[in-house]
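Participant: generate a structure from the sequence data that follows.
(2 chains)
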Amino acid sequence: MRLKIDFEQYYLDNGLRVILHEDHDVPIVAVNLWYKVGSKHERPGKTGFAHLFEHMMFQGSQHVPEGMHFQLIQSVGGTLNGSTFYDRTNYFETLPSHYLEMGLWLEADRMGFLLPAMTQEKLDNQRDVVKNERRQRVDNQPYGAWLEKIMELAYPPDYPYHWPVIGYMDDLDNASLEDVSDFFRTYYAPNNAGLVVAGDFDPRQAREMIERHFGSIPAGKPIPPFSAPSPDFNKGEQREIVYDRVQLPRIHLAYHIPAYGQKETYAADMLSDILSEGKSARLYRSLVYEQQIAQEAHAFILPLQETSLFFFVATPKPQVTPQQLEEALQKEIDRIQNEPVSAEEMERTRNQLETRKIRELQSVASRADDLNMFATYFDKPELINTEIEQYEDITEADLQMLAQTYLGNDNRVVVTFLPRENNNGGKK
Amino acid sequence: MAVDRNQVPSPQKPTPFNFPRFERFTLSNGLQVLFAPHHKLPLVNLQMVVKSSALHDPDGKEGLVNLLAEMLLEGTEQRSSRQIADELERLGASYSADADWNAVHIGLNLLKPNLDKGAEVFADIIRRSVFLPEEVERLRRELLVERLRAVDNPKKVAQEQFFHRIYKGYRYALPLEGTEETLKAILREDIIRFYETHFNASNATLIVVGDLTLAEAQGLAQKYFGDWPGGQTVSLSLLKAVEGVSARVTLVNKEGAAQSELCLGHHGVDRHVPEYFALTLLNQIIGGYFLSRLNLKLREERGYTYGIHSNFFFRRLPGPFCVSAALQSEHTAEAIEEIIDEIDRMTKETVEERELEQAKGYLSGMFPIAFETADQIAMGLGNIDLFDLPDDYYRTFRDNLAKVTVNDVLQAAQKYLKPKHLHIVLSGNGKILERQLKERFDVMVVEANGD
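Facilitator: Numbering: from 1, shown residues only, chains lettered A, B, ... in the order given. Modelled structure (predicted):
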């Protein structure tokens, strides 16, 4: 069973990509902008800036007074947010459909006219907010630094996935208003962005509105080419132990795999589902249910544009050592390398993927975001309909080959979290 | 074609939208069924709402209903735990069974062609679970480990301490999933007895939303639940609330904590409160969304937090009113004073007309976004059933919201906000917090691993 999302794509003269997807079932409309800039465009010493900049995009622009961006949208019942990732930054709102033009006006104003509204006071405020975001999400969470640690070990210090999207505290302190201007002038231009409008609108009217608000924003200078050295595989194992205020250890294995969009990465995604999607999947069934040595065990991939990672995360039961659990987990990895998965597992995973895909695309907001992701990463918005075919071609042999090629010890980072001595709350 | 960017573009003509009309029917055994067709995608969503909750946990065996709910996936007369997972997951279904303070919810979401096979398992776990001893023990051990780990999570620590303080003597004082002691006290026979008493057609409602006709929904309900025996409905009147007593500020010391997790509030109201709409708007204005007074002040003006939220937990029986936030350690006491001042101000002055209109605009305007998908509609139907709301509740929601005046909000605030009787719980770094708090409040310090 397949979903078919219809859309049209065109470009404005200034280079802005536009994708329209009509759906009149409910009178709402999603406005979704992706900019081809993420934390990978930062430099050491200025980490976290792409995300801090994202916060500044909500602080008003030349024709939108401070505080009005949120106010205009929320006071008519719209929802909005933005997010920053390694490879990109996005901004999105869902509005009652009769407010479409207001959404476009707001997005156009911050794309074309952000800088006149920037002040030191706003920057200082949002820097504090972001530092509190980091404390809340990373520093004050159990195992909160796990991904940061893995990325630091998996990539050399100058490699653009080495540092966390949220950035380091000291670097956040270093961000200046001048950085805001430079970043805006370099990356925030129609020729580095894509706009998707999805939902209940008249396409002829929408095209007029888009031209009216975005058409006169000048194209920016050519975007500086981005290049990261192509990653090497199987360069040796990296291990680290981290002591944290936690009751139980937790082990994290990360294997280098190719970039998102490669055949291997789809196979990796499917393999992670075979191992981990549900209670019938191998990791839960074996480690949690049968052997009862893990409290939880998961596998998943982090697909990125330059190069990706395949993760295993598992927590041992109180009387089990991290070594014991790692050995048991290794047996599951060996098994994937040594024998093909069963036809039943293939069928289950395909059905799960198919249903999940349909379920994910229930809302116009998620369709808009998916269209923009495929357009931004691959220049192929049609992947929203066809990406599923990539999974259909994968065979049992492909999965086994993938495991043999990429799930070797020389190709991984292992980070083990251990409870601190005198752990607060850790009376044993 | 020049555009005047100083003008906010005017809206177009709005397209009418309303919550879908739905069907309600009762099987001969007493099972209530609520059905709304949703043909957009080939999906079907089934929710069984069993109207007994953690509030019905026997004394000393708190956590029983939560454990029971999780056990529903662990074996029936015909299917082992493995078979349940294998069968549902092979269909690509997503499924769940969990308990909260209102009910036990069993959910199934799948593609229509798989509905029959999925519904067979769904009915089996609801009607014929067996609670095998080894499965009970395995799950009990798993839940005990989660209790051990609860102390890791600073937000959970603050919340648990808050409920412990304000609801002493009442079920809410202990976590939904129980404590180490109460989990260990639950016998398999207790679970079976509870299941036999509470799981019956008279004490449950089936919600069906998706790509089905009424006749198909009726056929489905009849086929899988038509011969489910009726039984007793379970009343909530046995439960009584007891006012807790505590120090005004409780600080749970977590050495080295990078932030303070705050839980501040007091007893609240149930979902049937006559001032529901006024209270919902009141909450919106003080801490319900980004534009709230607390968020604009503590985040957008001061930068003390990434976000702050307030909530009336409207349940079948009264739930708490609380404000929660992760606050910067150095500014914690100051932030708490601001929060208390804002709560106090709500009881003293009417809110601005503009603030009220904005909050109404948000809640009415987002109505179509809130009911876009079948899952969202199923949740709406679940609320109508659980809280005894009239069938046209959502269809008249915006009209009722529109009627609320600034004076209604003030009166609701004066009646239900208690700025002088706020309980305040923090989990955070005692070294940084203790002095700043003690300068302003009566503080009791406990250790994160304490009682």
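
Participant: neighbours around the residue of chain A found nearest chain B, how many?
Facilitator: Residue of chain A nearest chain B, by CB to the nearest CB: A:Gly77 (1.7 Å). The C-beta positions use only the backbone N, C-alpha and C, and glycine is treated the same way. Other residues lying near A:Gly77 total 22 when counted by other CB atoms under 10 Å in any protein chain shown.

Participant: just A:Glu306 next, same as before
Facilitator: Neighbours of A:Glu306 (other CB under 10 Å): 20.

Participant: what does B:Ile424 give?
Facilitator: Neighbours of B:Ile424 (other CB under 10 Å): 24.

Participant: tell me the bridge partners for it.
Facilitator: Beta bridges link B:Ile424 to B:Val249, B:Leu264, judged by DSSP bridges.

Participant: once you drop chain neighbours, what's closest to the residue of chain B found nearest chain A?
Facilitator: Nearest to chain A in chain B, going by CB to the nearest CB, is B:Gly365, at a distance of 1.7 Å. Nearest non-adjacent residue to B:Gly365, counting by CB to CB, 6 or more residues apart in numbering or on different chains: A:Gly77, 1.7 Å away.

Participant: quick check: phi and psi at the one you found.
Facilitator: Taking degrees, to the nearest 10, you get phi 90, psi 20 for the backbone angles of A:Gly77.

Participant: residues contacting it?
Facilitator: A:95-96, B:361-367, B:369 (CB atoms under 8 Å, 6 or more residues apart in numbering or on different chains).

Participant: which of those residues lies closest to B:Ala221?
Facilitator: B:Phe367 (28.6 Å; CB to CB).

Participant: list the buried residues in stretch B:10-19.
Facilitator: B:17, B:19 (16 or more other CB atoms under 10 Å in any protein chain shown).

Participant: and stretch B:210-230, by the same measure?
Facilitator: So, applying 16+ other CB under 10 Å, buried residues of stretch B:210-230: B:210-212, B:216-218, B:220-222, B:224-225, B:228.

Participant: tell me which of these fall in strands.
Facilitator: Of these, the ones assigned to strands by DSSP state E are B:Gly210.

Participant: farthest pair in the buried residues of stretch B:210-230?
Facilitator: Maximum distance among these (CB to CB): 24.4 Å, for B:Asp211 and B:Trp228.

Participant: name all residues that make contact with the spatially most central residue of chain A.
Facilitator: Centroid-nearest residue in chain A: A:Phe85, 5.2 Å away (criterion: CA atoms, centre = their mean). Contact analysis of A:Phe85 by CB under 8 Å, 6+ apart lists A:38-39, A:165.

Participant: so which of the residues you listed belong to strands?
Facilitator: Short answer: these have none in strands (DSSP E).

Participant: let me know the closest of these to B:Ala99.
Facilitator: A:Val165 (36.0 Å).

Participant: just give me the neighbour total for that closest one.
Facilitator: Counted with other CB under 10 Å, A:Val165 comes out at 23.

Participant: domain parsing for the chain?
Facilitator: Unless you meant another one, I'm taking chain A. A:8-214, A:238-423 (automatic domain parsing).

Participant: let me rephrase: I mean chain B.
Facilitator: Chain B breaks down into these domains under automatic domain parsing: B:23-225, B:248-447.

Participant: TSV please, covering these and showing mean pLDDT.
Facilitator: What follows is the domains of chain B, written out as TSV (pLDDT from 0 to 100):
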stretch	mean pLDDT
domain B:23-225	97
domain B:248-447	96
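
Participant: returning to what we had before: ok, the residue of chain B closest to chain A - contacts?
Facilitator: A:75-78, A:96.

Participant: for B:Gln328, same thing?
Facilitator: B:Gln328 touches A:128, A:131-132, A:135, B:259-260, B:303-305, B:335, counting by CB under 8 Å, 6+ apart.

Participant: for the stretch 151-300 of chain A, what lies in contact range of chain B?
Facilitator: A:200, A:209, A:211-213, A:215-216, A:245-248, A:277-281, A:285, A:289, A:292, A:295 (CB under 8 Å from any CB of the partner chain).

Participant: which of the contacts of A:Gly77 count as buried?
Facilitator: Neighbour counting over the contacts of A:Gly77 (16+ other CB under 10 Å) leaves A:95-96, B:361-367, B:369 as the buried ones.

Participant: farthest pair within those?
Facilitator: Once CB to CB is applied, those give A:Leu95 and B:Leu363 as the farthest pair, at 14.8 Å.

Participant: what about the residue nearest to the centre of chain A, distance to B:Arg345?
Facilitator: 40 Å (CB to CB, to the nearest Å).

Participant: now swap in A:Phe58 and tell me
Facilitator: Per CB to CB, A:Phe58 is found 26 Å from B:Arg345.

Participant: same question for B:Lys418.
Facilitator: The gap separating B:Lys418 from B:Arg345 is 14 Å, by CB to CB.

Participant: more crowded one of these two?
Facilitator: More crowded of B:Lys418 and B:Arg345, by other CB under 10 Å: B:Lys418, with 17 against 14.

Participant: show me the contacts for the closest residue to B:Glu353 other than its chain neighbours.
Facilitator: Using CB to CB, 6+ apart and skipping the chain neighbours, the partner closest in space to B:Glu353 is B:Val406 (6.2 Å). By CB under 8 Å, 6+ apart, the residues touching B:Val406 are B:350-353, B:356.

Participant: now do the same end-to-end measure for stretch A:331-346.
Facilitator: Taking CA to CA, to the nearest Å, stretch A:331-346 runs 20 Å from one end to the other.

Participant: who's in contact with it?
Facilitator: Contacts of stretch A:331-346 (CB under 8 Å, 6+ apart): A:271, A:274-275, A:282-283, A:286-287, A:312, A:396-397, A:399-400, A:403-404, A:407, B:90.
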